[in-house]
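# got a sequence here, can you build the structure:
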Amino acid sequence: MYLLAKLSLYEGGTRMPFIITWPGKIPAGKIDNSSEVNAIDLLPSLAKMAGIKLPSTYKGDGTDRSTVLTGKPSLRKKAMFWEYGRNNIAYKYPKVIDKSPNLAVRSGDWKLLMNADGSDIQLYNILKDKNESTNLAVENAKITAQLQKELAAWWKSMPRLNK
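Model (predicted):
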């Protein structure tokens, strides 16, 4: 089992509960532990639920997950990407905590973590192993290579911070 703190890209750092209520529209007391909703999905999802059409010029990265929010579980069709800890000044980790790799992608059943330099590659079937205890990167080389390629391309497309 890996780090469960918020200072990582393991599930303890990226997973958080989301509670939504809308009497008569959202079933009360329903729990969905399998669907993902990213913060960037909130605008298109809530706009759809409110009957608001986003401008045709809107170019957000989020997807409409209103069906999940109204009680119909589903996996997100679009991959989610994370980056954490670009430097040792703003992201200084406590000495007692091992940090996760600094990049991650979640795509369907799979979550891949790696450092920006391509080291420390870890692949988990996140639906079967939420604790990220069994690295399946070697056994699933094709999935690992595909997600590594997607994650590297996403990372390359990100703006760089000036030092």
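# which residues of this protein fall in strands?
Assignment of strands within the chain using DSSP state E yields the ranges 80-83, 103-107, 110-114, 122-125.
# so which of the ones you listed is the most packed in?
Ranked by mean neighbour count, those are led by strand 110-114 with a mean of 24 (mean count of other CB atoms under 10 Å). Using the backbone N, CA and C atoms, a C-beta is placed for each residue, glycine as well.
# low-confidence stretches in the chain?
Scanning the chain for pLDDT under 70 picks out 1-6, 86-98, 161-163.
# how about 80 then?
1-7, 85-99, 160-163 (pLDDT under 80).
# quick one, helices of it?
Counting by DSSP state H, one finds helices in the chain at the ranges 11-14, 42-50, 66-69, 141-157.
# in CSV, list the strands of the chain along with distance to residue 35.
Formatted as CSV, the strands of the chain follow (distance: least, CB to CB, whole Å):
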stretch, distance to residue 35
strand 80-83, 12
strand 103-107, 12
strand 110-114, 15
strand 122-125, 16
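# residues near residue 100, how many?
Counted with other CB atoms under 10 Å, the burial measure for residue 100 works out to 28 neighbours.
# name the residues that touch stretch 107-121?
9-11, 75, 79-80, 83, 100-105, 122-128, 132, 137, 140, 143-144, 147-148, 150-152, 155 (CB atoms under 8 Å, 6 or more residues apart in numbering).
# before we move on, what about stretch 72-79?
Residues from elsewhere that reach stretch 72-79 (CB under 8 Å, 6+ apart): 32, 34-38, 41, 63, 65, 67-68, 105-109, 150.
# and the gap between residue 100 and residue 108?
Applying CB to CB, to the nearest Å, the value for residue 100 to residue 108 is 20 Å.
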